[in-house]
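# Quick one, structure for this:
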Amino acid sequence: MSYLFRTRSEKATQQKPESSEEQQRKIEDVRELLGDLATETPSFLSDGTIRRFLRARNWSTEKAAKSLKEAIKWRRQFKPETICWDDLAGIENEVRRAYIPDYLDKNGRTVFVIVTSIKSLTSTKEHIQQLVYNLENMAMNSEDAQENVVWMCNFSGWTLSSTPLWEVRESLHIIQNYYPGLIGAAILSNPPKIFESFFKIVKQFLEPTLQDKIKFVYNNNAESQRIMADMFDMDKLESAFGGRNTAILDITKYAERMRRRDQIRITCKNTNRNT
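Numbers count the residues shown, from 1 in each chain. Purely as a prediction, here's the structure:
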């Protein structure tokens with residue numbers, strides 16, 4: 001398997017970035033297409049969110065509006081904005097399995113780490129809730145930035161039972177439909193040979209634009225390590241990904257950080273609601 005996986009044409013169909021004035025006009029066009037929804041859900045339908053959906057839908061106002069309507073319908077049912085740190089089950093084990101580290105990549109993007117060898121001890125419903133909680137936090141950091149997340153998966157020790165296919169499919173559905181344009185790069189680190197067959201199935205659920213962002217990297221591969229060094233400060237990057245950081249995640253400090261982020265999200269929500 002190549003460390004860098006490419007599919008379709010190299011983003012040949014993507015349009016060139018438009019001027020800020022043209023972008024703003026499209027944002028207003030989407031608001032008009034959304035009608036009353038634009039005023040009913042102001043905390044979600046910020047300019048940054050609409051811009052992110054527009055970019056993910058190749059600046060088509062009709063497609064962006066349709067996607068936003070579907071996202072709003074889902075949000076009414078799931079209520080992701082209400083999920084807080086203290087609502088999550090199995091915190092310690094789940095955080096060691098999936099967390100947002102306190103460093104960024106060299107382009108200032110948020111990093112999200114998943115350690116697939118750590119088996120989830122929660123139910124599927126709780127697992128999805130944890131994913132959505134993290135997506136909400138990462139989306140908060142992406143209001144004015146496109147593709148602002150680097151998704152890092154450590155596949156050392158991965159087995160077929162580590163990642164149920166139907167759970168992967170549900171997770172990808174949420175990411176691609178309700179948080180489109182969030183992921184800028186996906187790093188799949190040290191996948192075993194058996195993962196190739198699994199990935200052939202998974203990529204059927206991936207949109208072409210997301211497929212093009214996937215990179216396979218290996219700690220014993222010089223070119224892979226060059227890629228990682230170009231993207232990250234190796235002193236901060238975890239050793240599992242070839243970096244020099246051997247520190248163990250401090251759950252107590254992490255909980256404090258996430259509770260602070262919850263307060264920021266609640267404040268932003270209430271501010272948008274009252275404006």
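# residue ranges with poor pLDDT in this structure?
The chain contains residues with pLDDT under 70 at 1-18, 142-146, 268-275.
# Do a quick rundown of the strands in it.
Using DSSP state E, the strands of the chain run over residues 98-99, 110-115, 149-154, 183-189, 214-217.
# Now tabulate those strands in TSV and tack on mean neighbour count.
C-beta here means a position set from N, CA and C on the backbone, and glycine is covered the same way. Below are the strands of the chain laid out as TSV (neighbours: other C-beta atoms under 10 Å):
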stretch	mean neighbour count
strand 98-99	18
strand 110-115	22
strand 149-154	22
strand 183-189	22
strand 214-217	21
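# got JSON lines for those strands, with distance to Met228 too?
Output for these, formatted as JSON lines (distance: least, C-beta to C-beta, whole Å):
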{"stretch": "strand 98-99", "distance to Met228": "19"}
{"stretch": "strand 110-115", "distance to Met228": "12"}
{"stretch": "strand 149-154", "distance to Met228": "10"}
{"stretch": "strand 183-189", "distance to Met228": "8"}
{"stretch": "strand 214-217", "distance to Met228": "6"}
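# just so I know, which of the ones you listed lies nearest Trp59?
Trp59 lies closest to strand 183-189 among the strands of the chain, at 17.6 Å (C-beta to C-beta).
# Next, the angle from the closest one to strand 149-154.
10 degrees (axes from the mean of the first three to the mean of the last three C-alpha atoms, to 10 degrees).
# From Glu196, how far off is the nearest residue to Ile194 once chain neighbours are set aside?
Nearest residue to Ile194, sequence neighbours excluded (C-beta to C-beta, 6 or more residues apart in numbering): Leu160, at 6.9 Å. With the distance defined as C-beta to C-beta, to the nearest Å, Leu160 ends up 12 Å from Glu196.
# And Tyr178, by the same measure?
29 Å.
# Those two: which has the busier surroundings?
For the pair Tyr178 and Glu196, the greater number of neighbours falls to Tyr178 (22 against 11), based on other C-beta atoms under 10 Å.
# Identify the residues contacting the more buried one.
Glu70, Ala71, Trp74, Arg75, Leu135 (C-beta atoms under 8 Å, 6 or more residues apart in numbering).
# Same question for Ser123.
Ala89.
# picking up where we left off before, give me the number of neighbouring residues for the residue nearest to Ile194.
11.
# Assess the claim that it and Pro192 are in contact.
No. With contacts defined as C-beta atoms under 8 Å, Leu160 does not count as touching Pro192, sitting 10.2 Å away.
# right, and Leu135 touches Asn177 too?
No. Using C-beta under 8 Å, Leu135 is not in contact with Asn177, being 11.6 Å away.
# These two: which has the busier surroundings?
More crowded of Leu135 and Asn177, by other C-beta under 10 Å: Leu135, with 20 against 14.
# What residues does the closest residue to the more buried one other than its chain neighbours make contact with?
Spatial nearest neighbour of Leu135, chain neighbours left out: Tyr179 (5.0 Å); criterion: C-beta to C-beta, 6+ apart. By C-beta under 8 Å, 6+ apart, the residues touching Tyr179 are Leu135, Met138, Ala139.
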